[in-house]
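Asker: Predicted model, plus sequence, below.
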Amino acid sequence: MSVTICDTAAQAVAGVSDGSTVLVGGFGLAGMPVQLIEALIEQGATGLTVVSNNAGNGDTGLAALLAQGRVRKVMCSFPRQADSYIFDDLYRSGRIELEVIPQGTLAERIRAGGAGIGAFYSPTGVGTPLAQGRETRELDGRTYVLEYPITGDVALIGAHRSDRLGNLVYRKTARNFGPVMATAAALVAAQVSEVVATGALDPEAVVTPGIYVDRVVAV
């Protein structure tokens, strides 16, 4: 399947349905696909489940999507920080659901989703409220909790550059969750700073092969 080079961010998020599970890359604002999120706000999809490392910063990007009341549930590692006041208000008033997932477990659950792994056992969270009511198993004298993979209907990721085949390279820490999320969603849209000619990227520098990418837009 060939990648579509979109003229606008609106084209890149066209067709996202109400109730979709949306994987949103970024660690805080590093690698956050802000323009794609803004386009999703304009597009109007609602009742979304958002999977991301954070629950929004300030009033831009993911926080702006939350403020519009478009998100039903957030699955993340760090829902609270100094500037997460939009999520805080929604959660305390009972207007949004939250599933807290340890950061390494979040990354591995997404990776498992992309790899087709049915489930896995992890020691992280054992003996804490995060493991209450969950299946556990002792292996070699250590207790593990059963974790299930995460997949998405859509992944919105931010990369540095793309060629016209959708091969992506990232810039420094902006790489974070983008590569695993690109493998775990039915539709992957990437915003980049520029689209270059096929062959212009060093193959050794490509992190996300174009086979995982459906839409690319330069912003």
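Answerer: Sure, I can see it.
Asker: Near residue 183, how many other residues are there?
Answerer: Applying other C-beta atoms under 10 Å, we find 19 residues neighbouring residue 183. Any C-beta I mention is one placed from the backbone N, CA and C, and that applies to glycine too.
Asker: please begin residue numbering at 21 from this point
Answerer: Understood, numbering begins at 21; the last thing we discussed is residue 203.
Asker: now it, nearest residue through space, not along the chain?
Answerer: residue 134 (2.9 Å; C-beta to C-beta, 6 or more residues apart in numbering).
Asker: So for the one helix or strand the one you found maps to, what gets flagged as buried?
Answerer: Here residue 134 sits within helix 123-135, counting by DSSP states H and E. Judged by neighbour count (16 or more other C-beta atoms under 10 Å), helix 123-135 contains these buried residues: 125, 126, 127, 128, 129, 130, 131, 132, 133, 134.
Asker: which one of the residues you listed is nearest residue 173?
Answerer: For these, the residue nearest residue 173 by C-beta to C-beta is residue 133; the value is 11.8 Å.
Asker: before we move on, the earlier item: quick one, grab the pLDDT at the residue nearest to residue 203.
Answerer: Residue 134 is assigned a predicted lDDT (pLDDT) of 98.
Asker: Helices along the protein, start to end?
Answerer: 29-32, 54-63, 82-87, 105-112, 123-135, 198-203 (DSSP state H).
Asker: residues touching residue 227, list them.
Answerer: 188, 189, 190, 195, 198, 199 (C-beta atoms under 8 Å, 6 or more residues apart in numbering).
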